[in-house]
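**Student:** Sequence first, then the predicted structure, then my questions.
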Amino acid sequence: MAPKSRSILFTFLSVLVLALPILGAAVGRSPLVGGWRPIADPNAPEVVKIAKFAVDQHNKEAKTSLVFEKVVKGEQQVVAGVNYRLVISAAEGRAAAPKTYKAVVYSRSWEKYQKLISFEVFVG
């Protein structure tokens, strides 16, 4: 094989190797590492547990008395653990009408570690 042909072949293979993971993610074959993905079942026990933790932790930090209602929707991001970005319905006491909140929780379930990153009224 001539040196020029080898150079072209090497360049082509290098581009192909670099492009395949990106193309695979673009067509849905594999998620981008570190990207946010929708949570398929917001009522899954693990997701509800994380949401209840978020409400409880917010109550402690803000000295409020929100009561968890349900998880409306959510996304997760795999990092050195899992970030959960959840939209939660909660009420101020049992008689009040529920409001919607957005919470971000970082979890390392194998260490039984959870941290509330943010909790705010959801506008959207």
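**Tutor:** Looks like it came in fine. Quick caveat, the model's predicted, so the values are computed rather than measured.

**Student:** list the helices and strands the helix or strand hosting Val67 packs on?
**Tutor:** When elements are defined using DSSP states H and E, Val67 is found to belong to strand 66-79. Packed against strand 66-79, as judged by 3 or more CB pairs under 8 Å, 6 or more residues apart in numbering; DSSP states H and E, are the following elements: strand 36-38, helix 45-62, strand 81-92, strand 99-108. Where you see a C-beta, it was placed from the backbone N, CA and C, and this is true even at glycine.

**Student:** mind giving me a markdown table with these and columns for distance to Ile117 and mean neighbour count?
**Tutor:** As requested, the helices and strands packed on strand 66-79 are arranged in a markdown table below (distance: least, CB to CB, whole Å; neighbours: other CB atoms under 10 Å):
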| stretch | distance to Ile117 | mean neighbour count |
| --- | --- | --- |
| strand 36-38 | 14 | 12 |
| helix 45-62 | 9 | 16 |
| strand 81-92 | 7 | 19 |
| strand 99-108 | 4 | 18 |
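
**Student:** got the ones you listed as a markdown table, with distance to Glu75 and mean pLDDT columns?
**Tutor:** Formatted as a markdown table, the entries for those read as follows, by distance: least, CB to CB, whole Å; pLDDT from 0 to 100:
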| stretch | distance to Glu75 | mean pLDDT |
| --- | --- | --- |
| strand 36-38 | 4 | 97 |
| helix 45-62 | 11 | 97 |
| strand 81-92 | 5 | 96 |
| strand 99-108 | 10 | 97 |
